[in-house]
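Novice: fold the following.
(chains A and B)
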Amino acid sequence: MDKTPKTEPRQSWTFSREVNAEIRRAAATGIYDIRGGGAKRRVPHFDDLLFLGASMSRYPLEGYREKCDTSVTLGTRFATKPIELKIPVTIAGMSFGALSGAAKEALGRGATLAGTSTTTGDGGMTEEERGHSEKLVYQYLPSRYGMNPDDLRRADAIEIVVGQGAKPGGGGMLLGQKITERVAGMRDLPQGVDQRSACRHPDWTGPDDLEIKILELREITNWEKPIYIKIGGARPYYDTALAVKAGADVVVLDGMQGGTAATQDVFIENVGQPTLACIRPAVQALQDLGMHREVQLVVSGGVRTGADMAKALALGADAVAIGTAALVALGDNDPKWEAEYQAMGTTAGAYDDWHEGRDPAGITTQDPALAARLDPVAAGRRLRNYLNVMTLECQTIARACGKSHVHNLEPEDLCALTMEAAAMARVPLAGTEWWPGKAGF
Amino acid sequence: MSVLDLQAMGLRAINTTLQSAAGSGDSFTIANPRGSHAVAVGLDGPLNVTVQGSTGYYCAGMNKEAEITVEGSAGPGLAENMMSGTVTVTGDASQYAGATGRGGLLNIRGNASSRCGISMKGIDIVVHGNIGHMSAFMAQKGNLVVLGDAGDALGDSLYEARIFVRGKVASLGADCVEKEMRPEHLEILADLLSRAGADAAPGEFRRYGSARNLYNFNIDHADQY
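Specialist: This is a model prediction of the structure:
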């Protein structure tokens, strides 16, 4: 037997097993991978920040006794009927079509129980979500599927979608297998046809036009509704400034971890900026214009916990929005469906083929049998519980920092664990007074 | 007939007056529009409105049931997302006329610029003159009738909307093809021409529609767009 020491087989970091598998898949099929969700790659995130807490120079509030307010009002700039929320976390836009009717109902139920708003998506407003959402934000999208003035008027706010974090600059495609008779009818298209959602609006280009579009929407709705503008995490300083210029009441800023119903994996993973990198430039733009807190900032993209929420607020956001996390709370990717995930070649926690409509949890599907698995009442309660926990977590941190309102959290309460996070969040690297780019160093 | 002076009253008061009167069937004349944006938007019931002069963006946006006439030309987004009723422009219309419209009749006596009928979802549009490039892009439902010529890329990525053109078509967009004009199409066209007061014979037109090759994603079609 040859006892000469052998070189161990060495996998390439560049050409990893995962990379090679994708090359083989592309070679076999001739098409890129399409999936749902947001960026899966590791990027600097809220995990890379820590709160400092109280100390000799800061004193805390009593955790189980002293009040820590969480209310937030969105749309105070121009709208005569701003939205008042009990908690600074909202449900992000997700379409009926991408989600089942029961899932939309559950989102409305959960949000209402928790005292917050939910949001429509591409495909129009359903009775399930309007009926079960005390506060409903109506998305105004490039496709204008289902758009009509009656729904505009019965919405509580209007969100003009310019971009989303998962795919800034990209449109969408709802594949034919999810286009049931009802979905097709709401979108004025034949059943079973892939439904393309355009990447830009059909009747305006640029912020000057958008200002006039907003005027039109306000005239149609008697200037009552707050107008949100949703932007993807591309150029957050300038996009926020231009949204303010165009007349937004609220800016919704979605980083690259924000989910989508379906788009190309290469798009999700390679276009846009991490949420953490977007917040400070957006806040800076608002401050430079004298509009911070007058135009509210809602941040989304990878928000999972009350700690994430607290960090976003400390960096200057007025509220956060959740999408993927809300679906998980409803039951998405639950290990109890593991056998079915395995049968589809995936596993609980990794299932992202939401566009195929075969979701075992009955959430991202239009299959009646699968959709019937989701009890909207029970799922709504789970979402309510989760939102309550997020809020309690955020309050716990805020009290530890001595804040009687979560909006009193500030960058000074934070430090960063990495150079990258310090640079993006513009807070000191832990153990120092310095961050990359800080003047005077 | 009530006369409302837009310069004297301001846009908000004009639209509030019209929106409050929607359903009454009353008649209003808007004087001095001077290119103002968002004139007579969101009307939600029978009403007759005549605008004496040209308008800016989004005139008659999201109209329901009202009869609106612009005695002049209209800026971008005329009658965008219109639901029903009739909107008539005696002059020309700028880009995106009838965008995403879901019903009613948009009657443009002059020419229409680019992207006329973009993403239309059931509206009927009759243009007595010519239309610009990329018209009926991603058009889903309804009818676009052009008595003059059409610019480049007509009907690109069309769904189920019908296009009728009497003049020349510079080029067709992806998945848009000329189709046979059958008797039922001649009947539809004759009705539209009659409703629009157009002096043209249906037999002079050609019909264009979707080849339906791009309805479901197929990687082998990638070079078609």
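Novice: is chain A contacted by stretch B:121-138?
Specialist: Yes - Stretch B:121-138 reaches chain A (CB under 8 Å from any CB of the partner chain) through B:K121, B:G122, B:F137, B:M138. Heads up, the C-betas are built off the backbone N, CA and C, glycines and all.
Novice: regarding the closest residue to A:L414 other than its chain neighbours, what is its secondary structure?
Specialist: In this structure, A:L414 finds its nearest non-sequential neighbour in A:V427, 4.3 Å apart by CB to CB, 6 or more residues apart in numbering or on different chains. Following DSSP: H, G, I helix; E, B strand; the rest coil, A:V427 is assigned to coil.
Novice: my guess is A:V427 contacts A:A416, does it?
Specialist: Yes - applying CB atoms under 8 Å as the test, A:V427 and A:A416 come out as touching, 5.3 Å apart.
Novice: contact partners for the residue in chain B that chain A sits nearest to?
Specialist: Relative to chain A, the nearest point of chain B is B:G42 (3.3 Å; CB to the nearest CB). By CB atoms under 8 Å, 6 or more residues apart in numbering or on different chains, the residues touching B:G42 are A:P149, A:E219, A:I220, A:T221, B:N15, B:Q19, B:G61, B:M62, B:N63.
Novice: again with B:T90
Specialist: B:T69, B:V70, B:E71, B:G72, B:R109, B:G110.
Novice: the second one and A:G331, how far apart?
Specialist: Between B:V70 and A:G331 the distance is 53 Å, computed by CB to CB, to the nearest Å.
Novice: more crowded one of those two?
Specialist: B:V70 (29 against 23; other CB atoms under 10 Å in any protein chain shown).
Novice: was I right to think the more buried one contacts B:S54?
Specialist: Yes - between B:V70 and B:S54 a contact is recorded at 7.2 Å, counting by CB under 8 Å.
Novice: what sits in contact with each of these two?
Specialist: Common neighbours of B:V70 and B:S54 (CB under 8 Å, 6+ apart) are B:G91.
Novice: the stretch 201-350 of chain A: helices as residue ranges?
Specialist: Using DSSP state H, counting those that start in this stretch, the helices assigned to the stretch 201-350 of chain A run over residues A:206-220, A:236-246, A:265-270, A:275-288, A:306-314, A:324-330, A:338-343.
Novice: hmm, I typed the wrong one, I wanted chain B.
Specialist: In chain order, chain B shows helices spanning B:6-9, B:11-21, B:183-196, with DSSP state H as the criterion.
Novice: now do the longest one: everything it contacts.
Specialist: Under the contact criterion CB under 8 Å, 6+ apart, helix B:183-196 has outside partners B:105, B:107, B:124, B:126, B:128, B:143, B:145, B:162, B:164, B:198, B:200, B:202-203, B:205, B:207.
Novice: put the alpha carbons of that helix into CSV.
Specialist: Taking Å, rounded to 0.1, in the frame of the first residue of the first chain, the C-alpha atoms of helix B:183-196 are listed here in CSV:
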residue,chain,number,x,y,z
PRO,B,183,-67.3,40.2,-41.1
GLU,B,184,-67.5,40.6,-37.3
HIS,B,185,-64.5,42.9,-37.4
LEU,B,186,-66.1,45.0,-40.1
GLU,B,187,-69.2,45.3,-37.9
ILE,B,188,-67.2,46.4,-34.8
LEU,B,189,-65.3,48.9,-36.9
ALA,B,190,-68.4,50.3,-38.5
ASP,B,191,-69.9,50.9,-35.1
LEU,B,192,-66.8,52.6,-33.8
LEU,B,193,-66.5,54.9,-36.8
SER,B,194,-70.2,55.8,-36.5
ARG,B,195,-69.9,56.6,-32.8
ALA,B,196,-66.8,58.7,-33.5
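Novice: give me the distance from that helix to the chain's centre.
Specialist: On the basis of CA atoms, centre = their mean, to the nearest Å, helix B:183-196 is displaced by 16 Å from the centre of the chain it belongs to.
Novice: same thing with the second one?
Specialist: Distance, stretch centre to chain centre, for helix B:11-21: 23 Å (CA atoms, centre = their mean).
Novice: neighbours around the nearest residue to A:Q177 once chain neighbours are set aside, how many?
Specialist: Once flanking residues are discounted, A:Q177 sits nearest to A:G357: 5.0 Å by CB to CB, 6+ apart. Residues near A:G357, counting by other CB under 10 Å, number 22.
Novice: what about the chain, any weak spots by pLDDT?
Specialist: Let's take chain A. A:441 (pLDDT under 70).
Novice: not quite, I wanted chain B
Specialist: For chain B, no range has pLDDT under 70.
Novice: middle-most residue in it, spatially?
Specialist: B:G98 (3.6 Å; CA atoms, centre = their mean).
Novice: correct me, but that one touches B:R115?
Specialist: No - B:G98 is beyond contact range of B:R115, at 9.6 Å (criterion: CB under 8 Å).
Novice: contact residues of chain A facing chain B?
Specialist: The interface of chain A toward chain B, taken as CB under 8 Å from any CB, is made up of A:29-31, A:143-144, A:147-149, A:152, A:173, A:175-176, A:187-190, A:192-194, A:196, A:198, A:202-204, A:209, A:212-213, A:215-216, A:219-223.
Novice: what subset of those is buried?
Specialist: Neighbour counting over the residues of chain A next to chain B (16 or more other CB atoms under 10 Å in any protein chain shown) leaves A:143-144, A:147-149, A:152, A:173, A:175-176, A:187-190, A:192-194, A:196, A:198, A:202-204, A:209, A:212-213, A:215-216, A:219-221, A:223 as the buried ones.
Novice: out of those residues, which are inside strands?
Specialist: A:M173, A:R196 (DSSP state E).
Novice: out of the residues of stretch B:121-138 next to chain A, which are inside strands?
Specialist: B:K121, B:G122.
Novice: closest residue of chain A to chain B?
Specialist: A:I220 (3.3 Å).
Novice: spatially nearest residue to that residue, not counting backbone neighbours?
Specialist: Of all residues not flanking A:I220 in the chain, B:G42 sits nearest, at 3.3 Å (CB to CB, 6+ apart).
Novice: before we move on, back to that, just among the contacts of B:T90, which is most surrounded?
Specialist: B:V70 leads those on contacts (other CB under 10 Å) with 29 neighbours.
Novice: now do it against B:G56, distance only.
Specialist: 11 Å.
Novice: can you check B:K121 too?
Specialist: For B:K121, the distance to B:G56 - CB to CB - is 24 Å.
Novice: of the two, who's got more company?
Specialist: Set side by side, B:K121 and B:G56 show more neighbours around B:K121, with 29 against 20, by other CB under 10 Å.
Novice: how about the contacts made by that one?
Specialist: Shown in contact with B:K121 (CB under 8 Å, 6+ apart): A:R144, A:D188, B:T100, B:G101, B:R102, B:Q140, B:K141, B:G142.
Novice: A:Y140 is in contact with A:L210, correct?
Specialist: No - counting by CB under 8 Å, A:Y140 is not a contact partner of A:L210; they are 10.7 Å apart.
Novice: can you give me the neighbour number for B:H185?
Specialist: Residues lying near B:H185 (other CB under 10 Å) number 18.
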